[in-house]
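[1] Need the 3D shape of this:
(chains A, B, C and D)
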2 protein chains.
Amino acid sequence: MNLKELSDSLGLSQTTVSRALNGYPEVAEATRIRVAQAAAAANYRPNARARGLATGRSMAVGHVIPISTHHEMVNPIFSDFIAGASEVYLDRGYDMVISAVPDEREEEAYRALLSKGSVDGVIVHAPRSLDPRIALLREIGLPFVVHGRSTNEPGPYNWVDVNNRSAFLRATEFLMDLGHRRIGLINGLLAMDFAARRHQGYVEALHSRGIAADETLIHTSEMTEAQGYAAAKQMLALPAPPTAFLGASIISAFGIRRAIEDSGLVLGRDVSVITFDDDLSYLRDASDVPTFTATRSSVREAGRICADRLMSIIADPAQPPVEHLLEAALTVGRSTGPAPRGTTQQMG
Amino acid sequence: MNLKELSDSLGLSQTTVSRALNGYPEVAEATRIRVAQAAAAANYRPNARARGLATGRSMAVGHVIPISTHHEMVNPIFSDFIAGASEVYLDRGYDMVISAVPDEREEEAYRALLSKGSVDGVIVHAPRSLDPRIALLREIGLPFVVHGRSTNEPGPYNWVDVNNRSAFLRATEFLMDLGHRRIGLINGLLAMDFAARRHQGYVEALHSRGIAADETLIHTSEMTEAQGYAAAKQMLALPAPPTAFLGASIISAFGIRRAIEDSGLVLGRDVSVITFDDDLSYLRDASDVPTFTATRSSVREAGRICADRLMSIIADPAQPPVEHLLEAALTVGRSTGPAPRGTTQQMG
DNA sequence: TTGAAAGCGCTACCAA
DNA sequence: TTGGTAGCGCTTTCAA
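    Okay, the predicted model is just below:
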């Protein structure tokens, strides 16, 4: 069923039917109702390509995911983000186009998305410290919102980020409040902006209590199970091993747990672990289990906000960039049910 | 840069330029080269919407993900599948459109995808025993490939599936070979086809050794950490607790591990665990750690195969349905590096 | 308040 | 081997 068939069946012109369906004010109310009913009955939906050709907009948003490093796709976090963004797209009638491409074909992917006209804008994932994608997108004039930040990027741009610095600062303080003084940090690659900020928060917290950061207790690498295991194992073998770990991701945290077990220690009794990007944490000294809900709920919220922001930019590209910093929620108590929806919840 | 501008700059007609770019044989070789160079220099790419309007094909594939139950998006497996499919799409110039929709809006999503004309075909994820989506897609004539199988579906259809029955059969046998007789099965919901097949393989293996399946050692639920924990905890409290677990997913396996620890037992010493959809397993009696690579590599492979198959169907919808059963690889030895690419590797 | 008609950028048919 | 041209299905002036 297309516009012509629909308008013919109604004895109206395509123009009028199109106007009625798109909410133009000049259509008589009676006509509009008649058209709407006929369209619903015929299960009519305008062809997206034809409409796109006519309007110059594609009603689709692109997400380019670098896959060679396995940073993103393997990361459950990404799923949450996508789920949040999808909610918004679904509401607004937008499609989500995902290009999973090898790192070296990333630029090509963005250019293709633009020149093929398949999307009206993109979300940039996992920005690095000075991310070339931002310059590229500005240059080619494709609207974009960054999930995360690119610290050394000189110009203004739209971003939505979780406050990784404060999250790790608070988590470190929390552990210190429990008496821990030697806290191992199993972090992601410092080239990733979020990892650098986490490192910063951790160090700040230590300094605020007059504790010097011990390099042997800081590890940065890809956030894999194997890396988490190796790093934790090595730290536990130190003359003065850590009594607690701060894990950057659920994946590496599983490696940390394995290292603790392998070392003959008992998780939550001999060694405490707080994991970020996770719903579970293990502490030996707390009556209950504190949980960073940042990534099971805040990341989903971040997806919603990014999508919403991008669609606003697409509608009006002239507006000034907006920066949106979300506070991660560190709650006490194991969370087993659905993650809370708010993002402003603070640690007690 | 569009076709008209490009052809004008070359002093050729749009027709000739289009033909040259699309590999039609009647174009003079000299012309083709000249056109190709100009196109590359201008960074020209045909507008996907215009081309789609003209050809009737959208050069895009849809993936509809049900999100309300958190079956898929939360599942790291899904990421691997997408990564595999993406490789194929990228090669063939196809876009991947992902609709994450609440269960109840699933049918609407498929219909919209078709009538809006945004995709040429879809991949169906996580089929149930008699999945209504198959009938729907057949009815509306949208080409599709199912990742998994729908057991009670009467008609033929294209599917690509991992042999879940044999995987669980082999894993159960493996545990029995090590001397285990009480093996807990922490499974997904039986309404999900893959879970039913896993259950079947488990029971078959027990029967082949003359062991009756013990209902108290079989648990089915959503594959969450909390469910895995609760189920394992309960089983470990039985008068005759299991000495090994078979976990259906990496997520629930983490719950199983926690239950073991909580019960004062040591994983790999007191209780063994084999996890599916995972790269890690913990056995007390094996010299090394056996690993089901099914989901970190085979699932990616399945993504590739599904995508390839779908694009073949789109090109020629008349061809008979193909059924593709992948054997899951159960390997011995911890896998820490990149997952192997093949899918036919068998357990020793 | 409604309709006719001109595109949007491309492909594909029919001529030359 | 090349070009003219008629759509593909929709939106959007411009007229009526």
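
[2] for the stretch 151-300 of chain A, what are the low-confidence residue spans?
    Applying pLDDT under 70 to the stretch 151-300 of chain A flags residues A:277-297.

[3] Around chain B, which positions in it sit nearby?
    Residues of the stretch 151-300 of chain A that fall close to chain B, judged by C-beta under 8 Å from any C-beta of the partner chain: A:Glu225, A:Ala226, A:Phe254, A:Arg257, A:Arg258, A:Glu261, A:Val266, A:Leu267, A:Gly268, A:Asp279, A:Leu280. In short, each C-beta sits where N, CA and C put it, glycine included.

[4] Quick check on these: which are buried?
    A:Glu225, A:Ala226, A:Phe254, A:Arg257, A:Arg258, A:Glu261, A:Leu267, A:Gly268, A:Asp279, A:Leu280 (16 or more other C-beta atoms under 10 Å in any protein chain shown).

[5] how close does the residue nearest the centre of chain A get to B:Val35?
    Centroid-nearest residue in chain A: A:Phe81, 4.4 Å away (criterion: C-alpha atoms, centre = their mean). According to C-beta to C-beta, to the nearest Å, A:Phe81 and B:Val35 sit 42 Å apart.

[6] Could you do A:Leu236 as well?
    64 Å.

[7] now A:Ser18
    37 Å.

[8] for the stretch 51-200 of chain A, what spans make up the helices?
    A:76-92, A:106-115, A:132-140, A:164-177, A:193-208 (DSSP state H, counting those that start in this stretch).

[9] Run through the strands of chain A in chain order.
    Counting by DSSP state E, chain A has strands at residues A:60-66, A:95-101, A:121-125, A:144-147, A:159-162, A:183-187, A:218-220, A:244-247, A:272-275, A:290-292, A:323-326, A:330-332.

[10] And A:Ser18 and B:Val35? Which one has more around it.
    Using other C-beta atoms under 10 Å in any protein chain shown, the more surrounded residue of A:Ser18 and B:Val35 is B:Val35, with 22 against 19.

[11] For the residue in chain A positioned nearest to DNA strand D, which non-adjacent residue is spatially closest?
    Residue nearest to DNA strand D within chain A: A:Leu3 (2.7 Å; C-beta to the nearest atom of the strand). Leaving aside its chain neighbours, A:Leu3 sits nearest to A:Gln14 (4.9 Å; criterion: C-beta to C-beta, 6 or more residues apart in numbering or on different chains).

[12] ok, now how distant is the one you found from B:Leu325?
    Distance from A:Gln14 to B:Leu325, by C-beta to C-beta: 50 Å.

[13] Pull the number of nearby residues for A:Arg269.
    Neighbours of A:Arg269 (other C-beta under 10 Å): 12.

[14] ok so, going back, which of the strands of chain A sits most buried?
    Of the strands of chain A, the one with the most neighbours on average (mean count of other C-beta atoms under 10 Å in any protein chain shown) is strand A:244-247, at a mean of 29.

[15] Could you list the paired strands of it along with their orientation?
    Strand pairing for strand A:244-247, determined by DSSP bridges: strand A:183-187 (parallel), strand A:272-275 (parallel).

[16] distance between it and the chain's centre?
    22 Å (C-alpha atoms, centre = their mean, to the nearest Å).

[17] what do you get for stretch A:138-150?
    For stretch A:138-150, the distance to the chain centre is 14 Å (C-alpha atoms, centre = their mean).
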